[in-house]
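1. Structure for the following, please:
(one chain, ligands or ions: 2)
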Amino acid sequence: MSRLFDGLNDAQRAAVAHTEGPMLVLAGPGSGKTRVITHRIAHMVNEVGIPSSSVLAVTFTNKAADEMRHRLASLIVGRPPLTCTFHGFCARMLRRYGERAGFEPNFSILDESDRSRALTSIIKEMGLDTGHFPPGKFQHRISNLKNELTSPAEFQSQAADYFDRLVADVYPRYQERLKEQNAFDFDDLLFVFADLLRRDEEVRTQLDERFRYILVDEYQDTNLAQYAIARGMSLKVQNLCVTGDPDQSIYGWRGANLNNILHFEDDFPGASVFRLEQNYRSTANILSIADQLIRQNSRRKHKELITDNPPGSRVRVICYQSDDVEANAIANDICEGVEVGGRRFGDVAIFVRVSSLTRPFEAAFRARHIPYQVIGGYSFFERKEIRDVVAYLRLTLNPKDDAAYLRAVGSPPRGIGQRTLERLATHARAHGISLAEATANVSDVKSIKGKPAASLRSFGKLLRELEEIKTLAPAVAIDTILSLTAYRDQLDDLPEEERQTRLGLLEEMIGAARSWSVENPEEDLLAYMEQAALTSDADRRDASADVVTLMTLHAAKGLEFPIVYLVAFEHDILPHQRGVEEGNEEEERRLAFVGITRAREELTISYTQRRLYQGRTNYMSPSPFLAELPDDFLDREDRADDWREGADSFADDYSQEPSWEEPSIPLVHGASGPSPADRFYRGMAVRHPVYGQGLILQLEGAGEDRKATIEFPSVGPKRFVLCRAPVEPA
Ligand SMILES: Nc1ncnc2c1ncn2[C@@H]1O[C@H](COP(=O)(O)OP(=O)(O)OP(=O)(O)O)[C@@H](O)[C@H]1O
Ligand SMILES: [Mg+2]
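-> Ligands and ions are numbered 1, 2, ... in the order given. Okay, the predicted model is just below:
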């Protein structure tokens, strides 16, 4: 037997050696399904003599495709076969067969914002209000229709309720709009290609015969369109090999259909089924926990998961006081592991349910110079919105910062074009001044006249107005930037969900800046800007670098790490509130199962009592899944009282005397003279009849104009004119 079979157990060998006919590898996590796929391809090409060009390997994510390609390159002599995602494969085939299918092969693929812009304008043309009928809702519905292979014409007769009838109107117009631009959206790639296979028997036969061996990993997460493609190319030559684990099906919300894998044997009578039972990835303790959790799902077939691996250390379940403490404690843990435990940063992964939850970790890592990467989503500090705000802060504090100027001037868009900016830059260079200075005296710039000059003048005026933020607390400064620039308005055109995410990010930035001020009462805006967390052009690292990985649970599918932290294991986060509302609690449990089974040696699950989430402080309770984990294999630790462990951010104990600022008696009173509003001071505990107890974070003005920003645990921050608001010292 060849070298390729050396690192395989008997069941895996049988699967690898089976090269002809349909086959299904049904097995739990870490049992070697992906390994079987790569070794089977290598065996077919190297040893059976099947040409690479007749093999197609399909993976679920680009990252998985990259890894498989890499692995195949080391196993295969000669050119490795085509390895890509379904979307990648479809785009490729559509370019080839475009003309035949009736469109130009140089089509463009729309991104999210293009697609939402198109939908917004259609909704408006129909006389509907995008506030009540958010484009995102239509987008989601149309996306699902395409994944279910329902064409606009077919949907006409199916639309039953009011919203669906609207969708039935929007959908064909949207397709028409895309056609005019010779463009496809992401879902079209699957839909159009599946449709081509269905309609054009010649193309279908050609592809069926060309790709005689098709292998699909993670088949449990295929939707109807993907199913139709895999099946459509395997009607005549039925060498379709799929692998999957129904317990790891986590894309139901995006139209994945578990029946595709459950009915594989009906679709391909005589299919060989291989079951792998041995887990090579995780310690016995980790596996026991995973097994116990997934047993709580009722809609499943039980699978035995066994391992020869040692029990390993017990799984840790830790309760922290707040999200910042959690992040700091884990960052300290990681440093310790590297400094004295012989670990590498690259051994560690942190999984979150929602991508915005990475923020406190990024801040904690930056503070300690821990290298990290955020996968499947942008790093918080690299997101466009955050970088834009940072550009305004930089530019205001240092008007010589031309890079920040160039970023700020274009966001939100103000119609100041490239040519104008080039002329401005030429003038500035000739006079040895910055772009902001040149803008302040734009009438001196002879080459810029008319409308561009007027636009620059108003930008100059904005920059002057922004000067007031220099003396404000960071959170208030950021908020002021957002209002003076009307920054949030430009998000109105986005699909509702996207808009909420971006607004949420901005709120989170404000919340985080507020926490920072509570921690660093002596420091000013400049100090805030200096902290490493906001150097927006932080090092970018490549995937092979020795860095901690931060990612969502959805993106973690198929991967493995020696050390895993599953954080924010809290009610309404995991299981996610929306998942539960939509009756997908079992899918949420599968998501937790996927997270747990990524860990090879050490697993830590943590939750907090208080978290800054969606822009405000929330009091959290532990995930109900925690109660389902067996105590035999884990240690539960309550560290909620260790608030000093990290830099805690919220002075939540309002009964304590605020130690960080003396009551300030304003030296200059407003025109109306001393007012009762002046008895308030920063850090003071107050009470509001509706919002309850709160803490004054910021005060501005004096006398009747005196305004306070107050943080209420119930609703987050609120701003009041004190002499008119029913706010009393607590
Ligand atoms: N026979 C074997 N001997 C040693 N190690 C193995 C063997 N089979 C698989 N492994 C290792 O076990 C780990 C898990 O394998 P693999 O990723 O292929 O599992 P999987 O079934 O695809 O898991 P998932 O369901 O999470 O995608 C990998 O590190 C792999 O190299
Ligand atoms: Mg796998």
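
2. CA atoms for contacts and neighbours, from now on please.
-> Will do.

3. which parts of the protein sit against ligand 2?
-> 34, 558 (C-alpha under 5 Å from the ion).

4. now the helix ranked longest in the chain, how far from the centre of its chain.
-> Longest helix in the chain, counting residues (DSSP state H): helix 496-519. Relative to its chain's centre, helix 496-519 lies at 15 Å (C-alpha atoms, centre = their mean, to the nearest Å).

5. Please name every helix or strand in contact with it.
-> Applying 3 or more C-alpha pairs under 8 Å, 6 or more residues apart in numbering; DSSP states H and E, we find helix 496-519 packed against helix 135-147, helix 384-397, helix 474-484, strand 599-613, strand 616-619.

6. Tabulate these (CSV), appending mean pLDDT.
-> Listed next are the helices and strands packed on helix 496-519 as CSV, based on pLDDT from 0 to 100:
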stretch, mean pLDDT
helix 135-147, 92
helix 384-397, 85
helix 474-484, 94
strand 599-613, 95
strand 616-619, 87
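
7. Skipping adjacent residues, who's closest to residue 479 in space?
-> residue 510 (7.0 Å; C-alpha to C-alpha, 6 or more residues apart in numbering).

8. now do residue 608
-> Per C-alpha to C-alpha, 6+ apart, closest to residue 608 is residue 320, 4.6 Å.

9. Pull the contacting residues for that neighbour.
-> Neighbouring residues of residue 320 by C-alpha atoms under 8 Å, 6 or more residues apart in numbering: 326, 606-609, 638-643.

10. Repeat that for residue 598.
-> Residue 598 touches 281-282, 556-561, 564, counting by C-alpha under 8 Å, 6+ apart.

11. Now with 10 Å, please.
-> Counting by C-alpha atoms under 10 Å, 6 or more residues apart in numbering, residue 598 touches 29-30, 281-282, 286, 349, 351, 553, 556-564.

12. same thing with residue 70?
-> 64, 80.

13. Check it and give its pLDDT.
-> The per-residue pLDDT reported for residue 70 equals 88.

14. gap between it and ligand 2?
-> Applying C-alpha to the ion, to the nearest Å, the value for residue 70 to ligand 2 is 15 Å.

15. quick one: that residue and residue 56, what's the gap?
-> 15 Å (C-alpha to C-alpha, to the nearest Å).

16. Also residue 75?
-> On the measure of C-alpha to C-alpha, residue 75 and residue 56 end up 16 Å apart.

17. Check residue 486 too.
-> 50 Å.

18. Looking at these two, which one has more neighbours?
-> residue 56 (21 against 11; other C-alpha atoms under 10 Å).

19. can you narrow the contacts of residue 598 to ones near ligand 1?
-> 29-30, 281, 558 (C-alpha under 6 Å from any ligand atom).

20. Of these - the most surrounded one?
-> The ones next to ligand 1 among the contacts of residue 598, ranked by neighbours (other C-alpha under 10 Å): first place residue 29, 29 neighbours.

21. ok, what's across the strand from the residue of the stretch 351-500 of the chain found nearest ligand 1?
-> Going by C-alpha to the nearest ligand atom, ligand 1 is nearest to residue 351 of the stretch 351-500 of the chain, at 14.6 Å. Counting by DSSP bridges, residue 351 is bridged to residue 551, residue 566.

22. who's in contact with it?
-> Neighbours of residue 351 in contact, by C-alpha under 10 Å, 6+ apart: 357-358, 549-556, 564-568, 592, 595-596, 598, 605.

23. what's the spacing between the closest residue to ligand 1 within the stretch 51-200 of the chain and residue 70?
-> Nearest residue of the stretch 51-200 of the chain to ligand 1 (C-alpha to the nearest ligand atom) works out as residue 64 at 9.7 Å. Per C-alpha to C-alpha, residue 64 is found 10 Å from residue 70.

24. Next: residue 335.
-> Counting by C-alpha to C-alpha, the gap from residue 335 to residue 70 is 30 Å.

25. Same check on residue 721?
-> Distance from residue 721 to residue 70, by C-alpha to C-alpha: 62 Å.

26. Ok, residue 169 next?
-> Applying C-alpha to C-alpha to residue 169 and residue 70 gives a distance of 46 Å.

27. ok, the nearest residue to residue 234 once chain neighbours are set aside - contacts?
-> Nearest residue to residue 234 in three dimensions, chain neighbours excluded: residue 208, at 5.7 Å (C-alpha to C-alpha, 6+ apart). Neighbour list for residue 208: 54, 197, 202, 214, 230-239 [criterion: C-alpha under 10 Å, 6+ apart].
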